[in-house]
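In: sequence plus predicted model, see below.
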Amino acid sequence: MQEDHHSRNNCYFDDTPIMTHDLRRLVDTANAPIFGIDFEGNVNEWNFKTAEITGYSREEAFHKPLVSTFITPRLRASVQEVFDRALKGEETSNYELEFETKGKETRYLLVNATSRRDAKNHIVGVVGVAQDVTEATMHDRAVAASAHDLRQLINTAN
């Protein structure tokens, strides 16, 4: 038993394929949207949760330009800026963006954009790990609209 353990410590037993499989499964099945782009801005990561909330399968999303295909038009420039900064190593936390779904609905995501690096630590893309805040955003907007309506009603009564 000691010899087997010793050989594992000397890399005779390579855990890399197992770890790669486990990480792939973790990303795919995470309860958070995870998506990524390569250096050209094309989708190269799209987990099950991202597919669920957008309505686009991994196959439909892969190799498409993320910003021009999936981000609502009014936010494309600012989202592109966040990704461009991440491609230079400047990561962004808690950035709210809007995904346009296959059904033409808007999903609000709070995203951390992180540089993706290769084994030599070169930046090769960006990974976004997000939280779907659509329900909270819609609720906040409804409350703000109600407050605005009440203010108008009070102002009209005066």
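Out: Cool, the structure landed.
In: quick one: least confident helix or strand in the chain?
Out: helix 2-9 (a mean of 46; mean pLDDT, DSSP states H and E).
In: now do the SS call for E59.
Out: Here E59 takes the helix state, with states given by DSSP: H, G, I helix; E, B strand; the rest coil.
In: run a quick neighbour tally on it.
Out: Residue crowding around E59 was assessed by other C-beta atoms under 10 Å; the count is 9. Any C-beta I mention is one placed from the backbone N, CA and C, and that applies to glycine too.
In: then F70?
Out: The tally of other residues near F70 (other C-beta under 10 Å) stands at 24.
In: which ones are touching it?
Out: For F70, the contacting residues are V43, T54, Y56, A61, K64, F99, E100, by C-beta atoms under 8 Å, 6 or more residues apart in numbering.
In: okay if I get those as a markdown table plus distance to N112, pLDDT and neighbour count?
Out: Converted to a markdown table, the contacts of F70 look like this (distance: C-beta to C-beta, whole Å; pLDDT from 0 to 100; neighbours: other C-beta atoms under 10 Å):
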| residue | distance to N112 | pLDDT | neighbour count |
| --- | --- | --- | --- |
| V43 | 17 | 98 | 22 |
| T54 | 18 | 96 | 22 |
| Y56 | 21 | 97 | 21 |
| A61 | 19 | 98 | 21 |
| K64 | 22 | 98 | 16 |
| F99 | 15 | 93 | 26 |
| E100 | 21 | 95 | 18 |
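In: R76: which of the residues you listed is nearest?
Out: Minimum distance to R76 across these is 10.3 Å, recorded for E100 (C-beta to C-beta).
In: wait, that closest one touches V79, no?
Out: No. Shown here, E100 and V79 do not form a contact pair, counting by C-beta atoms under 8 Å, at 11.6 Å.
In: right, and the helix or strand after the longest strand seen in the chain?
Out: Ranked by residue count, the top strand of the chain under DSSP state E comes out as strand 106-117. Helices and strands here follow DSSP states H and E; after strand 106-117, the next one along the chain is strand 123-132.
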